[in-house]
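Novice: Predicted model and sequence below, questions to follow.
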Amino acid sequence: MRRGWTTGACAAAAARAAFAALLTGHFPDPVTIRLPRGQTPNFPLALAEQSDGRACAGIVKDAGDDPDVTHGALIVAELAWAAPGSGILFRAGEGVGTVTRPGLALAVGEPAINPAPRRMIRDTLLEVAADAGAPPPDLTVTISIPGGERLAEKTMNARLGIIGGLSILGTTGIVVPYSCASWIHSIHRGIDVARAAGLDHIAAATGATSELAVQRLYGLPDHALIDMGDFVGGTLKYLRGHPVARLTVAGGFAKLAKLAAGHLDLHSARSRIDIPALAGMLAEVGVDPPIAQAARAAGTAARTVAAGRGSNSHPPRVP
């Protein structure tokens, strides 16, 4: 499948074009940048404006075949000269969020431009300056994504305390289709935020229904909820190194049956319910033999539940 470019790579390319215009009066189009692993992609400009000591360039993000919410979004970098000695400063423009909770890699109040994209942008600008024989520049870099606040509603940013728009992300600059890296990244950051807030109980849910149920059951705040989807393995592995006092895992019967059987990726394409194992677990916790026998013959999780409901017996209360 076709790979794409992260928002961080697009922002770095836009910043390079804008800085070149500040230095020379001309925008390179296409603009080439060097990614952290050495690739040198070209990006066509969708926006190029200059006036009064400022230059603005924009790149339309191509996420390849990945279902990224920012695919097709315009990533804009506006550069302006800053006070001597100030170095390279970052600002959040339209559609880029601001960090409002501790626990992320950025301090509260900082624009949601992650550390790796900041390094990519900074290195790119220093390279442009060196190529032009200029000293390291003093610049204010404002990154914008028009419409980003609306797009952010489709992400977990608000729960992480990133308010007002999207995050500028990307470690390598490359989007691998269906790598699910951004989802797992959000799980990790959600755990970081919960720990930084001092929460001793968090809940990881496979979907919206189970999340609502577990929140109501325990009265948990929003930032105690981790939308883990099918990535229970990624969630548990991160918690092993970043523990909390109490974890509740919430999900439908079928997904939790797969987890109980040892599967750490609960997607239907990557794990299946082991009906004999499920019937064996039911027998181990003391359900009546007819229920365990019906479960073994059921063939699916839904039929197993139906078999239990159709019995006059009451399964034991399992802690």
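Specialist: Received, thanks.

Novice: can you give me the strands in the chain?
Specialist: 4-5, 31-32, 42-43, 47-51, 54-60, 74-81, 88-92, 98-99, 139-144, 162-163, 174-175, 201-205, 225-227, 246-250 (DSSP state E).

Novice: Not counting its neighbours along the chain, what's nearest residue 15?
Specialist: residue 77 (4.0 Å; CB to CB, 6 or more residues apart in numbering). C-beta coordinates here come from the backbone N, C-alpha and C atoms, glycine included.

Novice: I meant to write residue 29 there.
Specialist: That would be residue 45: by CB to CB, 6+ apart, it lies 4.5 Å from residue 29.

Novice: Contact partners for that neighbour?
Specialist: Contacts for residue 45 (CB atoms under 8 Å, 6 or more residues apart in numbering) come out as 14, 17, 27, 29-31, 57-59.

Novice: Select, from those residues, the two members most distant in space.
Specialist: 30 and 58 (12.9 Å; CB to CB).

Novice: who has more neighbours, the two?
Specialist: residue 58 (25 against 12; other CB atoms under 10 Å).

Novice: Give me the distance between that one and residue 73.
Specialist: Applying CB to CB, to the nearest Å, the value for residue 58 to residue 73 is 10 Å.

Novice: coming back round to it: just checking, the residue nearest to residue 15 touches residue 57?
Specialist: Yes - taking CB atoms under 8 Å as the definition, residue 77 is a contact partner of residue 57 at 5.8 Å.

Novice: Now do the shared contacts for the two.
Specialist: In contact with both residue 77 and residue 57: 14-15, 17-18, using CB under 8 Å, 6+ apart.

Novice: Now render the residues you listed as a markdown table, adding distance to residue 112, pLDDT and neighbour count.
Specialist: Below are these laid out as a markdown table (distance: CB to CB, whole Å; pLDDT from 0 to 100; neighbours: other CB atoms under 10 Å):
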| residue | distance to residue 112 | pLDDT | neighbour count |
| --- | --- | --- | --- |
| 14 | 17 | 98 | 32 |
| 15 | 16 | 98 | 32 |
| 17 | 22 | 98 | 29 |
| 18 | 20 | 98 | 32 |
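
Novice: Check the residues you listed and tell me the two furthest apart.
Specialist: 15 and 17 (7.4 Å).

Novice: what residues are shared contacts of those two?
Specialist: Joint contacts of residue 15 and residue 17 (CB under 8 Å, 6+ apart) are 57, 77.

Novice: What count of nearby residues applies to the closest residue to residue 199 other than its chain neighbours?
Specialist: Nearest in space to residue 199, with sequence neighbours left out and distances taken as CB to CB, 6+ apart, is residue 224 at 5.1 Å. With neighbours defined by other CB under 10 Å, the count for residue 224 comes to 23.

Novice: Enumerate every residue touching residue 224.
Specialist: With CB under 8 Å, 6+ apart, residue 224 has these contacts: 194, 199, 201-203.

Novice: Mind giving me the PyMOL command for buried ones among the residues you listed?
Specialist: Filtering these down to the buried ones (16 or more other CB atoms under 10 Å) takes a single PyMOL command:
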select buried, resi 194+199+202+203
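
Novice: Looking at the contacts of residue 224, which is nearest residue 142?
Specialist: Nearest to residue 142 among the contacts of residue 224, with distances taken as CB to CB, is residue 194, at 30.8 Å.
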